[in-house]
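Engineer: build me a model from this:
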Amino acid sequence: MRNTVYRSIVICCVAIAFISAAPTTSPSRPQRQATTNPETERQRQQAEQSAQQTLDKDAVAAINETQAAVKALADGKKDEALAALERATGKINILTARNPQTALLPIDAEVEVIDTAPTDVRAIRDLAKAADRAVDDRDFPTARVILESLISEIRVRTYHLPLATYPAAMRDAARLLNENKTNEAQTLLQTALNTLVVIDHVTPLPIATAQVAINEAQNKSQQDKEQAKRLLAVAKQELQRAKELGYAGHDPEYAALDQAIDDVERQLNGNKDSGSAFARLKEKVSSFFKRQSDTEKKAQVASR
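Structural biologist: Got it, this is the predicted structure:
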């Protein structure tokens, strides 16, 4: 379905480019869906399953019937187009009656791992400064390329059918067909198919990595305190990366998490029971992680 419906959709940051952290080296292009570690792959699969479960089957059926109407019109089969349009309208009427307070219905989803960001915090800062300069110079093409190299996330992108506009498009298309304005009806239906709302849910990989490192540090804290401290250093580094990459970069919770890691390290250095300190840290990072993953980024996407 996606190949037909989304062919004309335009949204920023769909193509991923890469800029090397060192300006003297030639840029290379990594895979958007790179080889991931088992924990990242587990989270990706979980996100994909959750996204698929949210899709509205009747909304998907309405889209499919609309596509069938467009194809029938392209083949010169007006009667078949009208029949498909009637079925689509019936589905839409059911959806509108069933969801009177719902403006958007999910009809498709994509889940991918995008990890193009440098591991070094200083390299991230350099790229961010370069992006700022490009924006100040109104060199938006360059800024977009640089910003696309500052991504490290699992992205769940869901496409939604807008109930505010789609039913009207179906009615207008039927009217045009009754007036034998086939080309106008076909154009209107294709526009309706291509006019969707995109909502992204982003899971920052550095925060996910920090969470795993903290869990492993607690598991190692009794047998190997030095290894536990090294894992905590990894967690601190990854949280710093998340902040510099702009995942709620001004959120004061980053400072609180940093302090919580320091508290655990002090407990480990003093050979004290670190259980309660670990519990507080894990609770903080889990809450922060969930808040980041639940944040919606929405864009109205119209056909061209």
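
Engineer: now R98: how far from S287?
Structural biologist: From R98 over to S287 the distance is 34 Å, taken as Cβ to Cβ, to the nearest Å. Heads up, the C-betas are built off the backbone N, CA and C, glycines and all.

Engineer: L161 now?
Structural biologist: Noted for L161: a distance of 33 Å to S287, by Cβ to Cβ.

Engineer: same check on E39?
Structural biologist: 19 Å.

Engineer: okay, these two: which has more neighbours?
Structural biologist: Neighbours per residue, other Cβ atoms under 10 Å: of E39 and S287, the larger number sits with E39, 14 against 11.

Engineer: isn't the more buried one right next to A208, touching?
Structural biologist: Yes. Under the criterion of Cβ atoms under 8 Å, E39 makes contact with A208 at 7.2 Å.

Engineer: surely L161 forms part of a strand?
Structural biologist: Yes. L161: assigned to a strand according to DSSP: H, G, I helix; E, B strand; the rest coil.

Engineer: tell me, how many residues neighbour N37?
Structural biologist: Neighbour count of N37, defined by other Cβ under 10 Å: 12.

Engineer: I should have written A47 there, sorry.
Structural biologist: A47 has 20 neighbours, counted by other Cβ under 10 Å.

Engineer: same question for L193.
Structural biologist: Using other Cβ under 10 Å, L193 is surrounded by 24 other residues.

Engineer: which element is it on?
Structural biologist: Taking DSSP states H and E as the definition, one finds L193 inside helix 182-194.

Engineer: quick check: buried residues in that helix?
Structural biologist: 185-194 (16 or more other Cβ atoms under 10 Å).

Engineer: return the backbone torsion pair for D56.
Structural biologist: With angles defined as degrees, to the nearest 10, D56 sits at phi -90, psi 120.

Engineer: the nearest residue to it once chain neighbours are set aside: what secondary structure?
Structural biologist: Distances taken as Cβ to Cβ, 6 or more residues apart in numbering put L105 closest to D56, at 4.5 Å, once the chain neighbours are dropped. Judged by three-state DSSP, the three-state class of L105 is strand.

Engineer: quick check: L105 vs N64, distance?
Structural biologist: Relative to N64, and taking Cβ to Cβ, L105 is found at 14 Å.

Engineer: more neighbours, those two?
Structural biologist: Each of L105 and N64 has its neighbours counted (other Cβ under 10 Å); L105 has more, 24 against 18.

Engineer: surely that one is in contact with L161?
Structural biologist: Yes. Using Cβ under 8 Å, L105 is in contact with L161, at 4.8 Å.

Engineer: identify the contacts common to these two.
Structural biologist: Contact criterion Cβ atoms under 8 Å, 6 or more residues apart in numbering; residues shared by L105 and L161: 56, 59.

Engineer: what strand or helix carries the residue positioned nearest the centre of the chain?
Structural biologist: Centroid-nearest residue in the chain: R155, 3.0 Å away (criterion: Cα atoms, centre = their mean). Element membership of R155 [criterion: DSSP H and E] is strand 152-162.

Engineer: partner strands of that strand, with direction?
Structural biologist: Within its sheet, strand 152-162 is paired with strand 104-115 (antiparallel), strand 196-204 (antiparallel), according to DSSP bridges.

Engineer: what pLDDT, on average, does that strand get?
Structural biologist: Average pLDDT, strand 152-162: 92.

Engineer: that strand vs helix 182-194, what angle?
Structural biologist: Relative orientation of strand 152-162 and helix 182-194, computed by axes from the mean of the first three to the mean of the last three Cα atoms, to 10 degrees: 140 degrees.

Engineer: and after strand 152-162, which helix or strand comes next?
Structural biologist: Counting by DSSP H and E, what follows strand 152-162 is helix 166-178.
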